[in-house]
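>>> after the sequence you'll find the predicted model.
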Amino acid sequence: MDNKALLQQLPRETLEAMLADFAKNWLAHDGLWFLAAEAKFDMAVAMELDTAAWEKFTVIEAKRLMRRHHIAPGGGVPALAKALQLRMYAFLNDYRLEVVDNHTLRFFNITCRVQHARQRDGRPLFPCKSVGIAEYTNFAKTIDPRFTTHVIACPPDDTERDFMCGWEFTLIEKN
C-alpha cells in the first residue's frame, strides 16, 4: 500500500494529530541539532549556524506555503497573515495576529515550545532575537518583498510581557 492510500483511509482526527506530531518532530530535531552544535562549539557558533540555516529554510517554507495554498507573490498583509497561520510553528505555539491597517501586521508568539523546553530543562531562555530577525525578515520578504520587519520584543529582551516574541511587518510602497 502506498502512503497516499494509507492516508486516505485515516480519520480526519488522526490526520490532524499526525500533523501536530510531524511539527513537533521537526522542532525536536531542530532543537537537538542546536544543542549538539552548542555543546561541540559554544552558544555564539551555534547561533551563527542556526541563523544561516534559518535564512534559507524560512524562504523554502514560505515558497512551499505559497504554492500549496495559492498565495500570490506580492499579496501584502492578507498574504502574509495567511502564510503565518500556515507555518509549522502555528501548529505548535499559541499566537496572535493583529492587522493594524492595510500596511501593517503584528504577529505574536504567545507561547514558544522551544523556550518552554529550555525552561523545563533548567536552561536559560534561548536568545533567539538575531535568529528571529533573519527568519521573519526573509519569510515576509519572500511573501512580499515590500515588507520591512521590526522586532517588538524577543528573548533576550525582558520577558515581562504577555507574549514570548512579537514582530511587526510594514508594507513599504515603492514609488
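Thanks, I have the structure now. Not measured: the values here are computed from a predicted model. Numbers count the residues shown, from 1 in each chain.
>>> which residues sit against stretch 87-100?
The contact list for stretch 87-100 (CB atoms under 8 Å, 6 or more residues apart in numbering) reads 19-20, 23-24, 26-27, 61, 65, 77, 81, 84-85, 105-113, 139, 163-164. The way it works is simple: take the backbone N, C-alpha and C, and place the C-beta from them, glycine included.
>>> how long is that stretch from one end to the other?
By CA to CA, to the nearest Å, the extent of stretch 87-100 from end to end equals 21 Å.
>>> okay, buried residues for it please.
Arg87, Met88, Tyr89, Phe91, Leu92, Asn93, Tyr95 (16 or more other CB atoms under 10 Å).
>>> and Phe57, what does it touch?
Glu135.
>>> taking the centroid of the chain, which residue is nearest it?
Residue closest to the average C-alpha location in the chain (CA atoms, centre = their mean): Tyr89, at 5.0 Å.
>>> ok but that residue is inside a helix, no?
Yes. Under DSSP: H, G, I helix; E, B strand; the rest coil, Tyr89 sits within a helix.
>>> how close does it get to Pro127?
18 Å (CB to CB, to the nearest Å).
>>> with Ala53 instead?
Per CB to CB, Ala53 is found 16 Å from Pro127.
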